[in-house]
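Trainee: Fold the following, please.
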Amino acid sequence: MAGSTTSPSRIGSSLTAPSLIADVGGTNVRFALVYDSLLLDEMPPEDVASLTCADYPDLASAMRAYLAQAAPPAPPSRAAIAVASPVTGDQVELTNNGWSFSIAALQAEFSLTSLSILNDFTALALAVPGLGENEVLKIGGGAPARQCPIAVIGPGTGLGVSGLIPSDKDWIVLATEGGHATLAASDARERAVVAELARRFGHVSFERAVSGPGLVNLHDALAAIDGAPGNSPSPDQVTQAALNGSDAICVEALGMFCALLGTAAGNLALTLGSRGGVYVGGGIAPRLGNALAASKFRARFEDKGRFKPYMEAIPTYVITRENSALFGLARHLRGNAG
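Mentor: Numbers count the residues shown, from 1 in each chain. The predicted model follows:
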């Protein structure tokens, strides 16, 4: 079976049936168990495993494979699943993944008493209030303002966007598709890239450039503009060649990627008034480490004309804790326990 599993603590194995949580991305799906009797505690998810989506025809098949490996003491009683797509009704279509499913049919197939389907960045946003200082990397800005909105954004197979709005009791979490907002170029080189992407795709969203596939799109657009061979490397190949300086086009593509991420994050901060901070998640930014901090990311985040002083005060963080969306799903279950 594809993927890897942590060594289970089996803290709840002698207790009641667990709840199943899953974070479904465009490339991988991550599963874990949370034991219902421990939902009110800040216990980490157990039996975390990552499976490759392409290895399974649908989500139900991947769920069955995971449960066969995890072998919980009883079938899950409830489930909370995060998906990289909008959730607007019973039928869910994954934006960057061929899977689709009916929520009601999935609940019936696994005999679940309840099944929650959340946008993946809604789940990630739910995890943000529980992050410790050692689970984020701060890149610029001052201290977060109390009781102010928080923004969450992150490139992976797509570009996820969410936010947290403070309320009297807790946080109100936003489910958005902000990654599909129209990309804004900031200089002549970016305008040429956007024109090349528009020739290929029509509408050019931020996701077309600020994502794993987007990094390749940037590379290929730059190669086309410069008349260089367009060999369409993988996102990992572009990143590695950029970080070791072995390919000039890869270096420029990653630099533009970071700058555009800063533009998108700054736009989101202005839109939400997120003086509580902007958190960058997803599968790419944490792997860049200091390269993101050394890039134009923060300068472009702050480059908002008359509002530059406003932006300079807002802290930006990269989420470094693994599987944070699973912690958000566990928090969702705790909030709906009983």
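
Trainee: which stretches of the stretch 151-300 of the chain form strands?
Mentor: 159-166, 171-175, 278-280 (DSSP state E, counting those that start in this stretch).

Trainee: For residue 44, find the nearest of these.
Mentor: Smallest distance to residue 44 across the strands of the stretch 151-300 of the chain (Cβ to Cβ): 19.3 Å, for strand 278-280. Placement of C-beta: from N, CA and C, glycine included.

Trainee: Strand partners (parallel or antiparallel) of the closest one?
Mentor: Strand 278-280 pairs in its sheet with strand 150-155 (parallel), strand 316-319 (parallel), by DSSP bridges.

Trainee: and the first one, average pLDDT?
Mentor: What strand 150-155 shows for mean pLDDT is 96.

Trainee: Make a markdown table from the strands paired with strand 278-280 and add distance to residue 78 and mean neighbour count to it.
Mentor: Compiled in a markdown table, those are given as follows (distance: least, Cβ to Cβ, whole Å; neighbours: other Cβ atoms under 10 Å):
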| stretch | distance to residue 78 | mean neighbour count |
| --- | --- | --- |
| strand 150-155 | 25 | 29 |
| strand 316-319 | 26 | 24 |
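
Trainee: mind putting the ones you listed in TSV, distance to residue 281 included?
Mentor: Formatted as TSV, the strands paired with strand 278-280 follow (distance: least, Cβ to Cβ, whole Å):
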stretch	distance to residue 281
strand 150-155	4
strand 316-319	4
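
Trainee: so which of those strands gets nearest residue 292?
Mentor: strand 316-319 (6.5 Å).

Trainee: Alpha carbons only: can I get the next helix or strand along the chain from that closest one in CSV?
Mentor: Helices and strands here follow DSSP states H and E; after strand 316-319, the next one along the chain is helix 324-335. What follows is helix 324-335, C-alpha atoms only, in CSV (Å, rounded to 0.1, in the frame of the first residue of the first chain):
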residue,chain,number,x,y,z
SER,A,324,-1.9,20.8,10.3
ALA,A,325,-5.2,20.3,8.4
LEU,A,326,-5.7,17.0,10.3
PHE,A,327,-5.4,19.0,13.6
GLY,A,328,-8.0,21.4,12.2
LEU,A,329,-10.4,18.5,11.4
ALA,A,330,-9.9,17.1,14.9
ARG,A,331,-10.7,20.5,16.3
HIS,A,332,-13.9,20.6,14.2
LEU,A,333,-14.9,17.2,15.6
ARG,A,334,-14.3,18.5,19.2
GLY,A,335,-16.4,21.5,18.5
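
Trainee: separation between residue 264 and residue 113?
Mentor: 39 Å (Cβ to Cβ, to the nearest Å).

Trainee: how about the strands of the stretch 151-300 of the chain, which one is nearest residue 89?
Mentor: strand 171-175 (13.2 Å).
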